[in-house]
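> How does the following fold in three dimensions:
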Amino acid sequence: MMTDQAAQNTGKAAGFLGRGPMFWIGLTFGTSGAVIGLILSGAIEGKGIAFALMAIPLACMAAAFVSMLNKNKSGTGDCVTKGEAQRRYIKRVAVFTSLYLASFAMLTFIDELGTLPTAIRIGIGVLPGLALVGFFWAIARLIIEETDEFMRMLTVRQTLVASALAMSAASVWGMLESADLVPHVDAYWYAVIWFAGLALGSVVNRITYGTWGHV
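Next up, the predicted model:
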């Protein structure tokens, strides 16, 4: 039994699929940049393909979170609490992830259902966005419910880094776009940048305090 437990801890210490958090965080930024570059270059056309590709950086971000969680649980020097607040947070993220994937699947085929009433089409179209709003709410509830002041501070730092990155990108690109210097980018990509900012905030926490944090 001890051997099995040691093997399990070794697997967790390795992160996720044998890769540590830095690998998945780098992949999050890399895939986000690649997808945005393909869209801006005109290589990708159509909303359905763009929405499908959005799932790639989100999946990498989820893998980074799992990797951080595994390394923390294995006792490799990172600090994380395992209280009720974190368990509720993980459940909420799982629910909203399932909602996003299901609603995205419907949205992908919405163009083939052109005979549907406009109200139904709007309802289907807004569901993926509401699922992303659910992610923001889950993180807010984590901050409110977390009783460990240190871990709460780390989560707040991550959200501040994410917000600064997303709003900076929106401001700079928006100004360039208004001057007709760059092509148009759909607003939902700023949410993807925000989630990438959470990964960057984890790196900032790790460098500064030696732990990745909750998110």
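> buried residues in the lengthiest helix in the chain?
Counting residues, the longest helix in the chain under DSSP state H turns out to be helix 149-178. Residues of helix 149-178 classed as buried: 151-152, 154-155, 157-159, 161-162, 165-166, 169-170, 173 (neighbour count, 16 or more other CB atoms under 10 Å). No exception for glycine: its C-beta is placed from N, CA and C like everyone else's.
> Lowest-confidence member of those residues, which is it?
Lowest pLDDT within the buried residues of helix 149-178 is found at residue 151 (88).
> Looks like that one contacts residue 213 (just checking).
Yes - here residue 151 lies in contact with residue 213, judged by CB atoms under 8 Å, at a distance of 6.8 Å.
> Does the nearest residue to residue 177 once chain neighbours are set aside belong to a helix, a strand or coil?
Spatially, and ignoring its direct neighbours in sequence, residue 177 is nearest to residue 184 (6.1 Å; CB to CB, 6 or more residues apart in numbering). Three-state assignment for residue 184 (DSSP: H, G, I helix; E, B strand; the rest coil): coil.
> Just give me the neighbour total for residue 184.
Using other CB atoms under 10 Å, residue 184 is surrounded by 9 other residues.
> For it, what are phi and psi?
Phi and psi for residue 184, reported as degrees, to the nearest 10, are phi -70, psi 140.
> likewise the one 4 residues further on?
Per-residue torsions, residue 188: phi -70, psi -20 (degrees, to the nearest 10).
> what about the nearest residue to it once chain neighbours are set aside, neighbour count?
With CB to CB, 6+ apart as the criterion, residue 188 has its nearest non-adjacent residue at 6.9 Å, and that residue is residue 129. Look at residue 129: counted by other CB under 10 Å, it has 15 neighbours.
> Which secondary structure elements does the helix or strand residue 129 falls within sit against?
Secondary structure from DSSP states H and E places residue 129 in helix 118-145. Judged by 3 or more CB pairs under 8 Å, 6 or more residues apart in numbering; DSSP states H and E, helix 118-145 is in contact with helix 84-108, helix 149-178.
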